[in-house]
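J.: Curious how this folds, go ahead:
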Amino acid sequence: QVQLVESGGGLVQAGASLRLSCAASGRTFSSFAMGWFRQAPGKEREFVAGISRNDYRKYYADSVKGRFTISRDNAKNTVYLQMNSLKREDTAVYSCAADQTRIIVAVPTTPDDYDYWGQGTQVTVSS
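T.: Numbering: from 1, shown residues only. Next up, the predicted model:
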């Protein structure tokens, strides 16, 4: 089992920045590819960003490329999502997810690929 706890969400104005954190416990963090997803009211959960076990590969949704950065610190068992130039359409509940994969460079982008999920943290961007 892996427990994931997100933090760092909040209410900000458009153009501001936030950094989300996801702390993992329970198993060797470096065994997991990590991802961030978000879900806005009335919408499907969507992939935001993912990072491979060894930090070698990172993928981003087109809607956040150039504004969001995913990173991980395996020594701290934490994955981060730095969000800059936030827009109203970024408003959603953001959840981190862990995929226990043997492929160290894999970065899953669909929810079904992930094994563990956090509870989520609300991000609200006002205009």
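J.: which residues of the chain fall in strands?
T.: For the chain, the strands defined by DSSP state E cover 3-7, 10-13, 18-25, 32-39, 46-51, 58-60, 68-73, 78-83, 92-100, 116-117, 121-126.
J.: What's the local residue count around Ile103?
T.: If you count neighbours by other CB atoms under 10 Å, Ile103 ends up with 11. Quick note: C-beta positions are derived from backbone N, CA and C, even for glycine.
J.: Quick one: residues contacting Phe37.
T.: Phe37 sits next to 45-48, 94-97, 111 when contact means CB atoms under 8 Å, 6 or more residues apart in numbering.
J.: er, Tyr80 I mean
T.: Listed by CB under 8 Å, 6+ apart, the contact set of Tyr80 reads 19-22, 70-73.
J.: And the closest residue to it other than its chain neighbours, how close does it get to Gln82?
T.: Residue nearest to Tyr80 in three dimensions, not counting chain neighbours: Ser71, with 4.9 Å by CB to CB, 6 or more residues apart in numbering. Using CB to CB, to the nearest Å, Ser71 is found at 7 Å from Gln82.
J.: Same question for Val5.
T.: Using CB to CB, one obtains 18 Å as the distance from Val5 to Gln82.
J.: for Asp113, same thing?
T.: The value you get for Asp113 to Gln82, if CB to CB is used, is 23 Å.
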